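Colleague: Sequence unavailable; structure follows:
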């Protein structure tokens, strides 16, 4: 097994401490960049390496950085650590286990675009991993890795941590900026994009925690070294969060395009229940579900597209054949209904009606007409909102229905709804779900 | 008063941002720590500090689920029962939590010690069933380990 490049805490205990991190090439790229390189050189290497955003969209990071206008000041870097997609827990481990690599990547990004101030936005629930990150930041300042006139140059950089307070929508980049500016987290209309009108209306790069954790490796070892891993269009390594019905759930760091979904399932020890695996959600709750028949697909951005799904944030939720997709879809819609920010009517009302529809089926009162109504609800959400949240909700309905229509038919024909377990779940939800936005 | 009791913390918060408005959320966390929840008084103080209308601050506390607009128990237990956790028994686990505490999720025990809530994903699906107790993670829970945790936290 090759050594981990991102989850280095698995190979090197205490890499979260700056002395250990530095003893393992930590901050070497940072020192080299600030003392011997220009920002555009760093940007060029990252662009050449083909690094794509690891938050979900897979947009080329170097290209995103190159959109930042040179002559507008100040510029900002904002790190998206609002990891809130059910099934996703990779940034959590990175922040906790290898925080200096996240800091160094953030710093290199800032240097590349000529920014002197970066914010790392952590979801509010990350107060515990946040402590590890804040401790690492204190160490970095104490060692002169951050602050004024770095390494005797006239370049200065501050990195600060900001906590959200419980809102999935803040993982959407423009909602995240609103939140950082002290407002409710509702997405902005785009364009303009954050590259020109971002934080405080200034040029801003927003990248996921994992994306930036790759950058020190790229700058230290070179673009050619990085590109040698993965495929032509999906370069490098990627973290895969594996959960659900597997024996060994956890984060797996893999070269892109080299392994299949089945390989990933095998690595995670296979089914934990003894029952066959029926399907997987490859990018958390928001992704098109993949039936087991397609588990031969390779784990890269393009291959996942060819089987009608996405690689996204690589959060693989495996489900065995005991799972009825009406129940699973309802769980996901419950989430999206709660997390809809309320700005766009089609999403706010659509997720609300969708949940009512699924609640009706779960309670045993659903009929075939309700199944037909699902497509109608979806049609009224898709393409009609500022951000993708509403569409994420529709994908849990559309694709469970597309691939597992029999589950829906069984549910209404065999009167599977209305069981004591389902009724208890519905009663609890009606009572328990606090807040909402 | 926040301004007098947390002066140093407030100063640190303001130093982090170029605008006062950006300090709203960190200050609300401070206020919540000070008053136990985001009371009307806390909201007025934060609004004054950030030079905002209290209504604007209230919109923030209303939007974000981690700002409590009414008093809670001493320990808030956030149990995740989203899909990945439910596949690993979170629904049955939640039912146990309710029966052990003698309340329903969303409620506070009569002695004011515990508030039990259903959380929206805590980004640790590999360690379900899990919960956060006042923000601290407790992983791989069973009914037995939950009972033990409640005994410890309830002391």
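Modeller: That came through fine. Note that this is a predicted model, so its numbers are computed, not measured. Numbers count the residues shown, from 1 in each chain, chains lettered A, B, ... in the order given.
Colleague: going forward, measure contacts and count neighbours with C-alpha atoms only.
Modeller: Will do.
Colleague: Give me the domain ranges for chain B.
Modeller: Chain B breaks down into these domains under automatic domain parsing: B:2-63, B:75-153.
Colleague: Deepest in the core, which of those is it.
Modeller: domain B:75-153 (a mean of 20; mean count of other CA atoms under 10 Å in any protein chain shown).
Colleague: Could you work out the end-to-end span of that domain for me?
Modeller: Start and end residues of domain B:75-153 are separated by 8 Å (CA to CA, to the nearest Å).
Colleague: pLDDT of it, averaged?
Modeller: For domain B:75-153, the mean per-residue pLDDT is 97.
Colleague: Dump the domains of chain B to JSON lines, plus distance to chain A.
Modeller: Formatted as JSON lines, those follow (distance: least, CA to the nearest CA, whole Å):
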{"stretch": "domain B:2-63", "distance to chain A": "4"}
{"stretch": "domain B:75-153", "distance to chain A": "4"}
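Colleague: Need those in TSV (columns: distance to residue A:343).
Modeller: As requested, the domains of chain B are exported to TSV (distance: least, CA to CA, whole Å):
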stretch	distance to residue A:343
domain B:2-63	12
domain B:75-153	20
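Colleague: Of all those, which one is nearest residue A:382?
Modeller: domain B:75-153 (22.9 Å; CA to CA).
Colleague: For the stretch 151-300 of chain A, what lies in contact range of chain B?
Modeller: A:160, A:162-167, A:179-185, A:241-245, A:249-250, A:285 (CA under 8 Å from any CA of the partner chain).
Colleague: Now, the residues you listed that are in helices?
Modeller: A:179, A:180 (DSSP state H).
Colleague: Narrow the residues of the stretch 151-300 of chain A next to chain B to those in strands?
Modeller: Among these, the residues falling in strands (DSSP state E) are A:160, A:162, A:163, A:241, A:242, A:243, A:244, A:250, A:285.
Colleague: Please produce a PyMOL select command covering the buried subset of the residues you listed.
Modeller: Of these, the buried ones can be selected in PyMOL as follows, counting by 16 or more other CA atoms under 10 Å in any protein chain shown:
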select buried, chain A and resi 162+163+241+242+243+244+250+285
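Colleague: Most widely separated two among the ones in strands among the residues of the stretch 151-300 of chain A next to chain B?
Modeller: The farthest-apart pair in these, when distances are taken by CA to CA, is A:160 and A:244, at 34.5 Å.
Colleague: ok, and what's touching the biggest helix by length in chain A?
Modeller: If you go by DSSP H, chain A has its longest helix at helix A:345-362. Residues outside helix A:345-362 that contact it (CA atoms under 8 Å, 6 or more residues apart in numbering or on different chains) are A:326-327, A:330, A:333-334, A:336-337, A:340-342, A:366-367, A:370, A:374, A:377-378, A:380-381, A:384-385, A:389-390, A:393, A:411-412, A:416-418, A:422-423, A:426.
Colleague: Once you drop chain neighbours, what's closest to residue 139?
Modeller: Went with chain A since none was named. residue A:18 (6.5 Å; CA to CA, 6 or more residues apart in numbering or on different chains).
Colleague: wait, I meant chain B there
Modeller: residue B:130 (4.6 Å).
Colleague: Can you give me the buried ones in stretch A:274-285?
Modeller: For stretch A:274-285, burial by neighbour count (16+ other CA under 10 Å) applies to A:277, A:278, A:279, A:280, A:281, A:282, A:283, A:284, A:285.
Colleague: which other helices and strands contact whichever helix or strand residue A:397 is part of?
Modeller: Using DSSP states H and E, residue A:397 sits within helix A:389-403. Contact partners of helix A:389-403 among helices and strands, from 3 or more CA pairs under 8 Å, 6 or more residues apart in numbering or on different chains; DSSP states H and E: helix A:325-339, helix A:345-362, helix A:368-379.
Colleague: what's the angle between that helix and helix A:368-379?
Modeller: If you take axes from the mean of the first three to the mean of the last three CA atoms, to 10 degrees, helix A:389-403 sits at 140 degrees to helix A:368-379.
Colleague: circling back: quick one: the ones in strands among the residues of the stretch 151-300 of chain A next to chain B as CSV, columns for pLDDT and distance to residue A:224 too.
Modeller: Conversion of these to CSV gives the following (pLDDT from 0 to 100; distance: CA to CA, whole Å):
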residue, pLDDT, distance to residue A:224
A:160, 98, 32
A:162, 98, 35
A:163, 98, 36
A:241, 98, 27
A:242, 98, 29
A:243, 98, 33
A:244, 98, 36
A:250, 98, 30
A:285, 89, 35
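Colleague: now the ones in strands among the residues of the stretch 151-300 of chain A next to chain B as CSV including distance to residue B:83?
Modeller: CSV is the format used below for these (distance: CA to CA, whole Å):
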residue, distance to residue B:83
A:160, 33
A:162, 28
A:163, 25
A:241, 14
A:242, 13
A:243, 10
A:244, 8
A:250, 16
A:285, 8
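Colleague: Now flag whichever of the ones in strands among the residues of the stretch 151-300 of chain A next to chain B is closest to residue A:295.
Modeller: So of these, ranked by how close each gets to residue A:295 (CA to CA), first place is residue A:242, at 14.3 Å.
Colleague: which residues sit in contact with the closest one?
Modeller: A:87, A:249, A:250, A:251, A:252, A:268, A:315, A:316, A:317, A:318, B:126.
Colleague: which of the contacts of helix A:345-362 are buried?
Modeller: Applying 16+ other CA under 10 Å to the contacts of helix A:345-362 flags A:326-327, A:330, A:333-334, A:336-337, A:340-342, A:366-367, A:370, A:374, A:377-378, A:380-381, A:385, A:389-390, A:393, A:411-412, A:416-418, A:422-423, A:426 as buried.
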